[in-house]
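Asker: 3D model of this:
(chains A and B)
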Amino acid sequence: MVYTKKNPALLIMGVIFVAIAILAGSGAADGVIGFLKIKKYVGEMVGMGYAFGAIGVLVGAWHWWGKHEEGNLDYYLSSIAGGIFILLIAMVVRWFGAPLVAVASKGLGTVMADKYLHDVLGLNYVVLGILAGIITVNVFGIPKWAENGVRLSRLGLKTGVILLGTLYSLAELAALGKLSVVMVGFFVLGAVGLVLWLGRRRKIPNSMGGVLSAGMGVCGVSATVAAAPVVQAKSVEIAYTIGTILIWGVGCMFLFPVIGHILDLGYIQFGAWAGTGILNSAQVAGAALAYQPDGIETLKVAEIFNITRVLFLPIIVLWLAVWYVRLEETTAGPQVNVGTVIFEKFPVFVLGFILMFALSSTGVFAPAQHYKGKYFDNDIAAGKLLKDEQAATLSAEAGKLQRADRKEALASLIQNRKVMTIDDETVIRGIFNANVLSKDANKILKTATKVVRHTAKKISKFRQWITLLFAFGLTGLGMQITLAAMKQAGGQPLVIGGIVGTTKAVLSLIVILLFVSETI
Amino acid sequence: MNPRSILLASHGSDGARAAEAAALDLLGEGGKLFHLVVVPDFWKGMTGDDWLNNAVTRARFGKYVEDQLAREVGLEVARLADAAEQRKIAYENSVRLGKPAECLAEAERSGAYDLVVIGAPRPKGAPGLRSRMTPETLVRALKTPLLVVPHPG
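Answerer: Okay, the predicted model is just below:
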């Protein structure tokens, strides 16, 4: 079979990318750039515009005029059209769509405290990208020439997660890992158990209870796909379950950021809540990026929860297999081999994440002691040392401190005119966070800690790539969410799913508000 | 009306079974029943936003769904074939993937029938897949008289 379609679409998309690069780079689009306040994206528009424009033009020319024969070259190059199609939509939304929504929203004035409507609703490039994907597939359909490449979105997301591994410090990963295992363990197993219990009470077939419990408990459609053959779900049960999960997931992606903003949750709190309460792992990433579009701290937390959830998937599949065979008292069901289930269901990309984390810990990308991509180094220029008058201000207020460690750290700072150790830096952060000193003194302390913290350039690049990969992946994933599938939500799965989903979301929010603080 | 050849769309729901009974009654001995089963095309998008699974798991799911649908269709076909045989009605069937109304119109164009028979949509709130005949598409496309049998519920 020849996959490449003779079509000018890829060539045209390549030309559009190049045109964006030329207009942004030459200053011809300065008026639009100023109006939309998108100067920060000009570098991206030029770099990506030329790079992907060149790919689009070259491969597009081959698509349209070239001779295509069955084989690997045809298969792989045919997917470029779909990949560029997703990328163009994602980037047009990121560069122009989302900024336009922001300008319009700011024109309406603030709606909640000091927040604008688009901030409260999380209408940024990620959410709008997913929406653009959903609209594309449901209104226009995926063009034939793009079908083969739309699946690349999964590769984009998995690569994004793998690169995310570079951003964690050991302490951070250990703390988040413990928290996620406790939260996910309790809520995943609890949700699976609750669905199975409710299913028995409401007399639904075991196969339906099994497939629904996996979807509601672990990671939405992915878990349903993994569990359906194991519990021998009927077609109508699969349709009901996937419909229910998709509708619930899309709803949560919009609702969670709004609730998060109303409750003024911190990034860790929101990431943990989204990672526990939202069913679909793609929507978890979407909600996290919607909550914090200009940074990825929330996404980092949410993805650890996603990874923990997916690691639970083989366990849940095994549990359901044993449960189903025991209840149905059948030998006609699938033969369960523990090793095969674990081997097949284990998410290989998690190994990539671990590898990147391990590499990052060796100091390849940033000094090993980095925290959130920043590292301590007090070898600073003389101009950045504390000035005499600043030292005098701090000396005058030193008496306000009670704790010995704080007194010592401040004395060291005054004496050396710079922060000397990581421990001192932590203590000094504690001083200004405690607001014991005057505003001026706190400002001096903040600057003193800032000048000894440096951002690793490679990590900074990774952060940019991660954002782009998630924007690409989630837009492409939006193209696979059909209203026809969502419409299948109904029957007992909708009732049980509604009860369990709401219970999980509300209880996890309560737990997070009570026990999860903003520092990890 | 005394049709000798009927095109029946049925997938085994309550409404469709009422249509089956009406079609069998109308045909009587010696008639020809052509049974169309439509597998709705929403199944093509049913892996939705799954991205965590690997290709093996997704392929296994796809194969499982195909086999499951084939099993379910097979049961319906066997049941109706039996009923037709008991009444000495010639029976043929076909399975199509797509939108119900479009598939029925295509099936009608590809054969010669005296009557097309379908069941009425189920009442609101009744369980079942959301994949209904769109009457306007169907009525505009059909050249053969159409009988819509009331839902038993």
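Asker: Can you point out the buried residues in stretch A:141-154?
Answerer: A:142, A:145-154 (16 or more other CB atoms under 10 Å in any protein chain shown). Every C-beta, even on glycine, is put in place using the N, C-alpha and C of the backbone.
Asker: show me which of those residues neighbour chain B.
Answerer: Contacts with chain B within the buried residues of stretch A:141-154, as defined by CB under 8 Å from any CB of the partner chain: A:153-154.
Asker: per-residue confidence for residue 135?
Answerer: I'll assume chain A. Residue A:135 carries a pLDDT score of 94 in this model.
Asker: let's do chain B instead
Answerer: 80.
Asker: same check, this time on residue A:47
Answerer: The per-residue pLDDT of residue A:47 was computed as 95.
Asker: That one: which element?
Answerer: Element membership of residue A:47, judged by DSSP states H and E, is helix A:42-65.
Asker: Can you list the buried residues in that helix?
Answerer: In helix A:42-65, counting by 16+ other CB under 10 Å, buried: A:42, A:44-46, A:48-50, A:52-53, A:55-57, A:59-60, A:62-64.
Asker: now the helices: where do they sit in the stretch 251-400 of chain A?
Answerer: Using DSSP state H, counting those that start in this stretch, the helices of the stretch 251-400 of chain A run over A:267-277, A:281-291, A:297-328, A:338-345, A:348-361, A:388-397.
Asker: Which of the ones you listed has the lowest mean pLDDT?
Answerer: Across those, helix A:338-345 gives the lowest mean pLDDT, at a mean of 71.
Asker: got the angle for that helix vs helix A:297-328?
Answerer: 140 degrees (axes from the mean of the first three to the mean of the last three CA atoms, to 10 degrees).
Asker: got the contact list for helix A:338-345?
Answerer: A:226, A:313-314, A:317-318, A:321, B:53-54, B:56-57 (CB atoms under 8 Å, 6 or more residues apart in numbering or on different chains).
Asker: hey, C-alpha coordinates of that helix in CSV?
Answerer: Provided in CSV are the C-alpha atoms of helix A:338-345 (Å, rounded to 0.1, in the frame of the first residue of the first chain):
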residue,chain,number,x,y,z
VAL,A,338,1.5,-12.0,34.8
GLY,A,339,4.8,-11.6,33.0
THR,A,340,3.2,-10.9,29.6
VAL,A,341,0.7,-8.4,31.1
ILE,A,342,3.5,-6.5,32.9
PHE,A,343,5.8,-6.6,29.8
GLU,A,344,3.1,-5.5,27.4
LYS,A,345,1.5,-2.8,29.5
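Asker: tell me, how many neighbours does residue A:249 end up with?
Answerer: Residue A:249 has 27 neighbouring residues, counting by other CB atoms under 10 Å in any protein chain shown.
Asker: Please disregard the earlier target; I meant residue B:29.
Answerer: 7.
Asker: Secondary structure element holding it?
Answerer: Counting by DSSP H and E, residue B:29 is part of no helix or strand.
Asker: out of everything not next to it in sequence, what's closest to it?
Answerer: Distances taken as CB to CB, 6 or more residues apart in numbering or on different chains place residue B:88 nearest to residue B:29, at 4.5 Å, with adjacent residues excluded.
Asker: And for residue A:429?
Answerer: For residue A:429, the spatially nearest residue (CB to CB, 6+ apart) is residue A:449, at 5.9 Å.
Asker: before we move on, back to that, got the helices of the stretch 251-400 of chain A as TSV, with mean neighbour count columns?
Answerer: Below are the helices of the stretch 251-400 of chain A laid out as TSV (neighbours: other CB atoms under 10 Å in any protein chain shown):
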stretch	mean neighbour count
helix A:267-277	28
helix A:281-291	30
helix A:297-328	22
helix A:338-345	14
helix A:348-361	16
helix A:388-397	15
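Asker: Stretch A:161-171 near chain B anywhere?
Answerer: No. Using CB under 8 Å from any CB, stretch A:161-171 stays clear of chain B, coming no nearer than 9.6 Å.
Asker: Now the helix or strand containing residue A:19: buried residues?
Answerer: In the assignment (DSSP H and E), residue A:19 maps to helix A:9-26. If you call a residue buried by 16+ other CB under 10 Å, then helix A:9-26 has these buried ones: A:9-11, A:13-14, A:16-18, A:20-25.
Asker: I'd like the distance between residue A:200 and residue A:240.
Answerer: 17 Å (CB to CB, to the nearest Å).
Asker: neighbour-wise, which of those two wins?
Answerer: Using other CB under 10 Å as the criterion, residue A:200 and residue A:240 rank with residue A:240 on top: 28 against 12.
Asker: can you pull the contacts of that one?
Answerer: A:208, A:212, A:488-494.
Asker: Tell me which residues touch the residue in the stretch 301-450 of chain A positioned nearest to chain B, please.
Answerer: Per CB to the nearest CB, residue A:310 is where the stretch 301-450 of chain A lies closest to chain B, at 5.1 Å. Neighbouring residues of residue A:310 by CB under 8 Å, 6+ apart: A:218-219, A:222, A:281, A:347, A:350, B:52.
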